[in-house]
Every structure is written in C-alpha cells, then in structure tokens.
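Enquirer: I would like to see how this sequence folds:
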Amino acid sequence: MFEQLMQDSLLALPILGWAGLGILLVCLQIFCPRPKISLIASVIGLVALISYSTVNFVSVPTAIFFGTAVIDANAQFFNLLGLIIALFTVLTMIPGMNNEHSKVFRLSYEQFPEFLICLLFSGFGLGVLASAIDLTSLFLGLETLSIGIYCLCGFYRTEIRSTESAFKYLMIGAFSTAIFLYGIAFIYGASGATHYSVILETFKTGVSPLASLGILFLLAGFAFKLAFVPFHLYTADVYEGAPTPVTGFMATIVKVGVIAAALRIFWGFLQPAFHFWEPFWVALCLVSILVGNIAALQQRSIKKLLAFSSISHGGFLGLGLLVANPEGGNLFPLAAYITIYSAMSLGVFALISHLENREHIFSVEDLRGLGNKKFFLSLIFALFVLGLAGIPPFAGFMIKFWILQALVQQNYMTVALIAVVGSIIGAAYYLRILMLMFMSTEEGAAAQWPLSKDRALSLRFVVAVTALITLLGGIRPSLYADWILHALALK
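Expert: Next comes the predicted model:
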C-alpha cells in the first residue's frame, strides 16, 4: 500500500507540488519571515514545477489514490496552464513591493508571504479539479480553489473596496457551494455512488427525476463559478475591488479549473443525459454572451467593463465545452480558447495594474489621450483590446473562429449565428477604448498617474510574453496549436 502511494505521489508530483511549495512557504514564514525570500522561493518553485510538468507529460491515463483521481493528458494540460497563470500573477505583483508611497501597498505587502501561500493552495485546488474522477475529490478541489481566492481578493485589507470584494465573493461563493453540493447529493442519491464510472453505468440504464434534479443543480453550480447570466451579479463588484493582478488570476484560473472539471463530467457520466442538459447549457452560454456584451457597453469602470467581457468569454468557453466531446476529437477549440484567453487577460490586467492609481477607480474616460502621452504602452494595450474583441489578425479571432467552426460542423448553426451577433456587439466597447486612447484631444487621468516601478522587469516580462502570444497566435497559430494538440494527445 505504501509503495502504491509513493508511485501515485510521483505521478501526481506536478499537482502535489502546489501544496508542497505552499507548505514550504509556511515554514519559511515561521523561521525566516521575510517577504522577498518567500517571493524568490515561490518563483523558483513554480518555474521548477512548470519545467517538470513540460518534460514529464504522461500520455497513458493512470488512476491514482484509490481511483479518486486520474493523471492523463487533460489533467496535465490544465494543471500546467494553471502553473503558468500563477507564475505570471506573482510576477505582476512584484512591482507593488517597490511602492513605498502608498500606505495601502506598504501595509499589505508585509503579508505578501500569506498572499503567495493562498495563491499556491488555490492552484492546488485547480490541480485536484482537473484530475478528479470522483465527486468527493471534485468538491474538495473546487472548495480549495475558491477559498484561496476569497483571501486573495481581500489582500489590500486596509482598503474598503478590497475587503468588500472578498466579502461579496465569500457570500456568493458559499451560496453557489451549497447549490453545487445539492447537485452532488442528488446524483449520489440517484446512483448510490460517487465515482464517475459507476454513475455512468447507472445513467446508461436511464436518468431518474432525482438525477435530473441533481444535473440541474450541477449546471447551476458551474454557472455560478463561470459567472454565467443570471448567476453573474457579483462579478463586476468583485473584479473592481480585488487587487488587479488578483482580478487577472481570478478571471483565468477559475475558468481553467471549472472547465477542466466540467469536461470530465459533461462528457463522462452526464453523456447519457446529453439531450436533457444540452438546451439549458446552450441557453446559459448564449444569454451570457449577449447580456455580458450589452452590459459592458454601459460600464464606466475599466475593470467592470472587463468583468462583463469575461462573462461573454465564459459563454464562448461554454460553447467550446459543448462541442468538446473527446471521442470526436473536438477538444482542441476549447483548449486553444482557454489558453489564448488566459494570456490576453493576464496581459491586459498586468497593464492596468501598471497604469492604475488605487486611490481612484480606474474609469474608461481616464484613458483619454493616453496614446499621445504614452504611445508604446498604449499600443500594447490596444493589442490586447483587439485580441479580446476577436478582431483579425490577432489570436482572439482565431480562437473564436475555431469555436464557431466546430459549432457549424455539429449543426449548431443558430447558436453560432447568435454568438457572432454577440461578438459584434462586444466590438463596440472595445473600439471605444481605442477611440478614447488615440483619437481624443483631451488628456485623461491615466496619462498623468505615475507608473509603478518595475525594477525586476517582471511585469514587462509578463506583458511581453502575453503580447507575443496575442500577436503571433493570430498570424502563426501553428506555434501554439501543435503544442496543444500534442499535449492533449490529439496528434
């Protein structure tokens, strides 16, 4: 038994490494409580885990820890993506350590090791979610991911917006957890099991009314976590109040974890009930695309605007999940979308954290005339905006094209048409940002705010890498497409 546990632990090292690194930081905080040492340890640890995960991809699915989890191409791909997101979030946070003039930053960064610990354990939840094949491990992974993010949102603990963000997310998160747990309970009651394979065999013989109710609760739970309309009302305030690098982390890693878990569930034990849950899921996705983009048109705060943009992109991810039947080989559009969307989101939020002044709400109007004052920085910002809008030749266009192409191939013509209409609506508020930056003769507040000092060049590294992915990903999509196909064992 001990030998089996050791073998399983070795296979799951990229996932267990999150927790191991978090425990190491806890020990460092006890014996050597210096933020810079914890920062260096976390960066080195994350780089080591990324390197190990890249080199040691396992192509043959292997069940571990008594069948509660599995190590396969999907689990490793989503876990590796989570590791990269975490590393980029930490690098984006580094310039805040040099801001000695802001009392909010000075007091908050005294607890920077605690921030890193919460981020790592949240990432450990992602790893568990991506590999879970049992409802118990699924729930533990989801809660581990969520609890860490509740704490991260309140990192600026002396700022009312940050603490309000953490409190709202905690309250809504607790409510969504209860809904999700109801779904798990009903499915367990209908099948008498928690393992995905056993539930699948039960559902093949028929889906009972109790199981149908459980499926609806599961859909609602996933919709809460992905901020689908009408479960989205917390999103704008939480995104606005949280530290901007945390907003980027939250906008990406939650989607990665939930999509990884939903992929196994929807195309696992829920596949026999496809015709039951399909119309509900399609409706949630399309309403999120339309309402998210329409609501974004009315936003004055740049982070609230991006919050509703995130809701719209979540709808496209949901459609990617719909056509991602692993047996049909349609997993690539979903994987490409979540990868490129994560890069664009991390890049744009890194730039916002570089530009913003936490003493004021960063409004869209503050971007007036930024192109005249800080042209190169505005050009990079425009690159991310055009990518998020899905305008060619940027990577954001290609990932939407692949989702729409898969929808058409599977005879979802009306769904694809509505998604295109939603994207056209969304282009309006993205283009308004560009108009204010480059065509306004007035000078907004952002042009006058002092930029954060990036002495370690960490933030510039994040922006450069994500900008390169956004630009080259549209011109030469094969640069990342081949890697994704190989990673998911599709080629």
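
Enquirer: center of this protein - which residue?
Expert: Closest to where the C-alpha atoms of the chain average out (Cα atoms, centre = their mean) is residue 252, at 1.7 Å.

Enquirer: measure that one to residue 109 for me?
Expert: Computed with Cβ to Cβ, to the nearest Å, the distance linking residue 252 and residue 109 is 23 Å. (Each C-beta comes from the backbone N, C-alpha and C, glycine too.)

Enquirer: check residue 94 too.
Expert: On the measure of Cβ to Cβ, residue 94 and residue 109 end up 10 Å apart.

Enquirer: then residue 389?
Expert: 34 Å.

Enquirer: likewise residue 480?
Expert: Computed with Cβ to Cβ, the distance linking residue 480 and residue 109 is 34 Å.

Enquirer: more neighbours, the two?
Expert: Between residue 480 and residue 109, residue 109 has the larger neighbour count (other Cβ atoms under 10 Å), namely 22 against 19.

Enquirer: without its sequence neighbours, what residue ends up closest to that one?
Expert: Leaving out its chain neighbours, the residue that sits closest to residue 109 by Cβ to Cβ, 6 or more residues apart in numbering is residue 97, at 5.3 Å.

Enquirer: ok, the one you found touching residue 35?
Expert: Yes: with contact defined as Cβ atoms under 8 Å, residue 97 reaches residue 35; the gap is 7.0 Å.

Enquirer: which residues do these two both contact?
Expert: Residues within reach of residue 97 and of residue 35 at once, by Cβ atoms under 8 Å, 6 or more residues apart in numbering, are 109, 112.

Enquirer: where does pLDDT dip in the stretch 151-300 of the chain?
Expert: Residues of the stretch 151-300 of the chain meeting the criterion pLDDT under 70: none.

Enquirer: that older thread, name all residues that make contact with the residue nearest to residue 109.
Expert: 35-36, 39, 105, 109, 112.

Enquirer: repeat for residue 154
Expert: Per Cβ under 8 Å, 6+ apart, neighbours of residue 154: 162-163, 165-167.

Enquirer: how about residue 396?
Expert: By Cβ under 8 Å, 6+ apart, residue 396 lies in contact with 340-341, 344, 386-390, 470, 474.

Enquirer: return the list of helices and strands in contact with the helix or strand where residue 309 lies.
Expert: Assigned by DSSP states H and E, residue 309 belongs to helix 302-322. Counting contacts by 3 or more Cβ pairs under 8 Å, 6 or more residues apart in numbering; DSSP states H and E, helix 302-322 packs against helix 235-241, helix 244-266, helix 274-296, helix 331-355, helix 395-409, helix 413-439.

Enquirer: out of those helices, flag the one nearest residue 194.
Expert: With Cβ to Cβ, the closest approach to residue 194 among the helices and strands packed on helix 302-322 belongs to helix 244-266: 12.2 Å.

Enquirer: and that closest one, what does it pack onto?
Expert: helix 73-93, helix 112-131, helix 135-153, helix 209-225, helix 235-241, helix 302-322, helix 331-355.

Enquirer: still on that earlier bit, the residue nearest to the centre of the chain and residue 212: what is the separation?
Expert: 32 Å.

Enquirer: ok, now residue 397?
Expert: Residue 397 sits 39 Å away from residue 212, going by Cβ to Cβ.

Enquirer: now residue 4
Expert: 38 Å.

Enquirer: then residue 137?
Expert: From residue 137 to residue 212 the distance is 24 Å (Cβ to Cβ).

Enquirer: one more: residue 391?
Expert: 41 Å.

Enquirer: returning to that earlier point: compare residue 397 and residue 212 and say which is more crowded by neighbours.
Expert: Remark: of residue 397 and residue 212, residue 397 carries more neighbours, 20 against 16, as counted by other Cβ under 10 Å.

Enquirer: my guess is that one meets residue 390, correct?
Expert: Yes: contact criterion Cβ under 8 Å: residue 397 and residue 390 qualify, at 5.0 Å.

Enquirer: just want the angle from the helix or strand hosting residue 176 to helix 244-266.
Expert: Under the criterion of DSSP H and E, residue 176 resides in helix 160-191. Relative orientation of helix 160-191 versus helix 244-266 (axes from the mean of the first three to the mean of the last three Cα atoms, to 10 degrees): 10 degrees.

Enquirer: export the helix or strand immediately after helix 160-191 in the chain to CSV, keeping only CA atoms.
Expert: Next helix or strand after helix 160-191 toward the C-terminus (DSSP H and E): helix 196-204. The C-alpha trace of helix 196-204 is given here as CSV (Å, rounded to 0.1, in the frame of the first residue of the first chain):
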residue,chain,number,x,y,z
TYR,A,196,-17.8,8.8,-12.3
SER,A,197,-17.6,5.4,-14.0
VAL,A,198,-20.2,3.8,-11.6
ILE,A,199,-22.5,6.8,-12.1
LEU,A,200,-22.1,6.5,-15.8
GLU,A,201,-23.2,2.8,-15.8
THR,A,202,-26.2,3.8,-13.7
PHE,A,203,-27.2,6.6,-16.1
LYS,A,204,-26.9,4.4,-19.1
